[in-house]
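# Please work out how this folds:
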Amino acid sequence: MNKKIILTASLFLIISAATIAVLGFEKNRNSQTPLENETAFPKNVSIADGKTILFYGDECPHCLKIEAFLEEKEATRKISYEAKEVQDNADNRKIMMEKVAACKMKQDSVGVPFLWDGENGTCLVGVDQVMEFFQTKLVASDKE
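A predicted model of the protein is given here:
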């Protein structure tokens, strides 16, 4: 009986230690300043409120769809927007959370892709909303 208790307690401690180690590694990895990522997203740095800002993650499959769409449509040449990677950049995550708060959204319910339309002070979340926003802007730019 004592062997079962000791074995169970040991197993619990090993699993707990491994979990803490993994969580600590993830926290440390996410707080590091990343190198410039190779992407079609522009790397502008200004944060003017009137700007459109697309927040994305390098490993986000939905963000990759938007990136491919914007690249195909040569969006950076036709419309003005900034893109900020938030998965590996704590400063950009902070900016995104400020925009989320400005839209009175719950921080824990927002992910990427996330778009701040500074012109109207609105937030868009998800592939469909963000894609529709850019499609509308691109159509308008083609008419000019």
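# Quantify the burial of residue 98 by counting its neighbouring residues.
Counted with other C-beta atoms under 10 Å, residues neighbouring residue 98 total 11. Where C-beta positions appear, they are placed from N, C-alpha and C, glycine not excepted.
# Do you know the pLDDT at it?
Predicted confidence (pLDDT) at residue 98: the value is 94.
# name the element it belongs to?
Using DSSP states H and E, the element containing residue 98 is helix 90-102.
# Are there helices or strands packed against the following helix or strand past that helix, and which ones?
Per DSSP H and E, the first helix or strand lying C-terminal to helix 90-102 is strand 114-117. Under the contact definition 3 or more C-beta pairs under 8 Å, 6 or more residues apart in numbering; DSSP states H and E, strand 114-117 sits against strand 52-56, helix 90-102, strand 122-125, helix 127-143.
# Nearest to residue 2 among those would be which one?
Evaluated with C-beta to C-beta, the helices and strands packed on strand 114-117 place helix 90-102 nearest to residue 2, the distance being 47.9 Å.
# Thanks a lot, catch you later.
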